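Asks: Just need the structure, nothing else, for what follows:
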Amino acid sequence: MPDLHNKPALSKHVWVVYAISIILLVALWYFQWIIGLVMTIVLAASFYYSIRTEQILLDEAEEYISTISHRVKKVGEEALLEMPFGIVLFNDDFQVEWSNPYMNQFSEDRETLVGRSLHLLSEDLIPMIKENKDEVWVELAGYTFLTVIKKEEKLLYFMDRTDQEALKQRYHNEQTVLAIIFLDNYEEITQNMDDTAKSQLNSQVTTILNNWSSHYGLYLKRTSQERFLAVGTKKILQQLEKVKFDILDEVREMEGVENNPVTLSVGIGVGNMTLPELGEVAQSSLDLALGRGGDQVAIKDEQGKVRFYGGKTNPMEKRTRVRARVISHALKELVKASDNVMIMGHKSPDMDSIGAAIGVMNIAKTNGVPGYIVFDENDMETSVNRMMDTIRSDESLWDNFIDLEEAEERMTQRSLLVIVDTHKPSMVGFESLLNKTDYKIVIDHHRRAEEFIDNPTLVYMEPYASSTAELVTELLEYQPKGTKLKMLEATALLAGIIVDTKSFTLRTGSRTFDAASYLRAQGADTVLVQRFLKEDLELYIERSQIIERSEIIHGHIAIAKAPEGNSYSPVLIAQTADTLLTMTGISASFVISERFDGKIGISARSLGDVNVQVIMEKMNGGGHLTNAATQINDTTIEEAAADLIEIIDEYEEGRASE
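Replies: Numbers count the residues shown, from 1 in each chain. Reported below is the predicted structural model:
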């Protein structure tokens, strides 16, 4: 505080006035001494009064400032000791040196924290201080604190944010969630039912769903015979995820429909969005669940992240061909409206991919439009090589196979691009072609994944189908008659079906045999297929060496690890997994090996008891319930095996608790 006693008694301008007055007095004394005397007395009185008044004002100001200083100091002390937030000083050993009374309530004896470690307050404090963090959230005795860290001053401020966090949590819990519930196979089940049986089924399904919605507090409304709309909150969704949407099992196991069980697909939209946006996301989630075969729940948030539950059963084959006929007609119209048709499969194409591509090319030819299969001769497997060697001998068919450079030259804005046997942009043979045209069609039999080709004009995905070749064969049947499949074209399609069904033993429905019968009638040569499928002795020995290194876990799951340092093709890995599945007591098989591209590949197979798709998805892969795979970067066979076993253990524990 400045020293007021050392200040001049009068301000500067007052002294100037008095100086001028003295000069005038001297003049008066010289000319009129009597007047000068009087004025001197007046000036002296005025001077004394001014000094006295100034001194009084200074004394009052000093007293006021002194009082304010005392009050401010007292308020500071009160704030330090009585304010409702914590203050803690700590030393170099992270022990409390001093704390205000507010913090004492969090000590064990409710007396003092002095001398105790910060670790007793929160395990996060010391690590966060060492990491030079400015803030950390801590929980103390049921309260939530935002702790501000002043490392240089060795000071902590604890600010109570319990109410704000509770409000934030309440807002989070009460966010609206929209769900669209769809009866996957309602039309299939009820088409041959009489009115009484259909009414009983509707009543049974509605009762189960109403009881379920009442139990969890959902609003449920049936919008059509096979569709329901449910409205809930995020808190309810968390409860449903905790029980893994057991409503799927409850509906599937309804009494009276054991031979043809009803299954549900649920699409859920959640997140900080408007209601129309939530509805769109919920519908998108439902499309995703149906594209993966149904009998499952897909939950999508505003960031596009998706979580799945269910998917325990194989997709049910659809006995009606209405959809195939509709898709075939739409495909015909799109083909006729295009300049040409470019067909592309996945990388390292297998027989299903090539056979399906040949089938689509035949559809283009049937409708009088040029069709080309974009193909990389340097990216083929051994079994495919045999097929391609045979195709090369048929000049008219081989002329339809072109490379990427020629495809880019031929493509126009009105070209139609058909992608077969995959729907993932990262898996297509030539990803650059996806941006060359706005007209794209996806034909695939795999369960739909999160990654999907952008803005396709038409999508035909049926996870129930054995192969893409089966789907294309059905589309061919509804195309204009007149152009007959060549023997080699029909054989290529049949080879695709045989390979993907393991000679009609897996994922085979009545429509699979119908498609095979149609191809056989078109001249497909089964003996030629067997020649395509012949194995090399060296590959057979390599496969046997991998099988020799198998181990069995959980009594029925085989895991085979290929020797370190040896690279194997995806086909060989898949064949090894298939072979393991033929062993007695094995219901699922996993083969892990190094690939030629440096990644670690895992091929998974099952007989249906184990959902290998779910397991592979947790390792960023995908596929079918009985047939899945993944590729992993920057890991080793042993590390991949350890991760796989951990996921299988978790999966088996989940099944045991159901």
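Asks: Next up, identify which helix or strand residue 591 is on.
Replies: When elements are assigned from DSSP states H and E, residue 591 belongs to strand 588-594.
Asks: how far does that strand sit from the chain's center?
Replies: For strand 588-594, the separation from the chain centroid amounts to 25 Å (computed by CA atoms, centre = their mean, to the nearest Å).
Asks: Show me what the next helix or strand after that strand is packed against.
Replies: Later in the chain than strand 588-594, the nearest helix or strand by DSSP H and E is strand 600-606. Packing partners of strand 600-606 (3 or more CB pairs under 8 Å, 6 or more residues apart in numbering; DSSP states H and E): helix 570-581, strand 588-594, helix 612-617, strand 627-632, helix 637-657. In short, each C-beta sits where N, CA and C put it, glycine included.
Asks: most tightly surrounded among those?
Replies: strand 588-594 (a mean of 26; mean count of other CB atoms under 10 Å).
Asks: re the thing from before, can you tell me which of the helices and strands packed on strand 600-606 comes nearest to residue 523?
Replies: For these, the distance to residue 523 is smallest for helix 570-581, at 27.1 Å, taking CB to CB.
Asks: quick one on the thing from earlier: could you check the angle helix 570-581 makes with the strand holding residue 591?
Replies: 150 degrees (axes from the mean of the first three to the mean of the last three CA atoms, to 10 degrees).
Asks: among the helices and strands packed on strand 600-606, which is nearest residue 236?
Replies: The nearest among those, by CB to CB, is helix 637-657 at 21.5 Å.
Asks: packing partners for that closest one?
Replies: strand 557-561, strand 588-594, strand 600-606, helix 612-617.
Asks: and the strand holding residue 591, average pLDDT?
Replies: Throughout strand 588-594, pLDDT has a mean value of 94.
Asks: now that strand and helix 637-657, what's the angle there?
Replies: Using the same axes, to 10 degrees: strand 588-594 against helix 637-657 is 160 degrees.
Asks: now what about strand 588-594, what contacts it?
Replies: 546, 556-562, 564-568, 573-574, 576-578, 580-581, 600-607, 609-610, 612, 637, 640-641, 644, 648 (CB atoms under 8 Å, 6 or more residues apart in numbering).
Asks: before we move on, the earlier item: using CSV, please lay out the helices and strands packed on strand 600-606 together with distance to residue 450.
Replies: Below are those laid out as CSV (distance: least, CB to CB, whole Å):
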stretch, distance to residue 450
helix 570-581, 21
strand 588-594, 22
helix 612-617, 9
strand 627-632, 14
helix 637-657, 18
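Asks: quick one, which of these is nearest to residue 469?
Replies: Of these, nearest to residue 469 by CB to CB is strand 627-632, at 15.0 Å.
Asks: just the angle between that closest one and helix 570-581, please?
Replies: 130 degrees.
Asks: What lies in contact with strand 627-632?
Replies: Contacts of strand 627-632 (CB under 8 Å, 6+ apart): 506-507, 570, 573-574, 595, 597, 599-606, 612-613, 615-617, 619-623, 640.
Asks: For residue 486, give me its contacts.
Replies: 394, 397, 523.
Asks: Closest one of these to residue 369?
Replies: Nearest to residue 369 among the contacts of residue 486, with distances taken as CB to CB, is residue 397, at 16.7 Å.
Asks: mind listing what the closest one touches?
Replies: Residue 397 touches 358, 391, 486, 488, 489, counting by CB under 8 Å, 6+ apart.
Asks: From what I see, the second one and residue 488 are in contact.
Replies: Yes - shown here, residue 391 and residue 488 form a contact pair, counting by CB atoms under 8 Å, at 6.6 Å.
Asks: Which one of the contacts of residue 397 sits in the busiest neighbourhood?
Replies: Neighbour counts for these, by other CB atoms under 10 Å, peak at residue 358, which reaches 29 neighbours.
Asks: could you measure that residue against residue 365, distance?
Replies: 10 Å (CB to CB, to the nearest Å).
Asks: Break down the stretch 201-350 of the chain into its strands, ranges please.
Replies: Taking DSSP state E, counting those that start in this stretch, the strands of the stretch 201-350 of the chain run over residues 219-224, 227-233, 264-270, 296-300, 306-310, 341-344.
Asks: Looking at these, which is nearest to residue 174?
Replies: strand 227-233 (5.1 Å).
Asks: If you count neighbours, what's buried in the closest one?
Replies: 228, 229, 230, 231, 232, 233 (16 or more other CB atoms under 10 Å).
Asks: any chance of those residues in CSV, with distance to residue 422 and pLDDT too?
Replies: Listed next are the buried residues of strand 227-233 as CSV, based on distance: CB to CB, whole Å; pLDDT from 0 to 100:
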residue, distance to residue 422, pLDDT
228, 33, 95
229, 33, 94
230, 33, 94
231, 36, 94
232, 35, 93
233, 38, 92
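Asks: most centrally placed residue in this protein?
Replies: residue 305 (2.7 Å; CA atoms, centre = their mean).
Asks: what are the phi and psi angles of that one?
Replies: Main-chain dihedrals, residue 305, degrees, to the nearest 10: phi -70, psi 140.
Asks: Contacts only, for it.
Replies: Applying CB under 8 Å, 6+ apart, no residues contact residue 305.
Asks: With the one 3 residues further on instead?
Replies: By CB under 8 Å, 6+ apart, the residues touching residue 308 are 289, 292, 296, 297, 298, 299, 614, 617.
Asks: Residue 139: which of those residues is nearest?
Replies: Taking the contacts of residue 308 together and measuring to residue 139 by CB to CB, the closest member is residue 299, at 28.6 Å.
Asks: quick revisit: looking at the contacts of residue 486, which are in strands?
Replies: The members of those all map outside strands under DSSP state E.
Asks: now, which of those residues sits nearest residue 39?
Replies: Distances from residue 39 to the contacts of residue 486, taken by CB to CB, are shortest for residue 397, at 132.5 Å.
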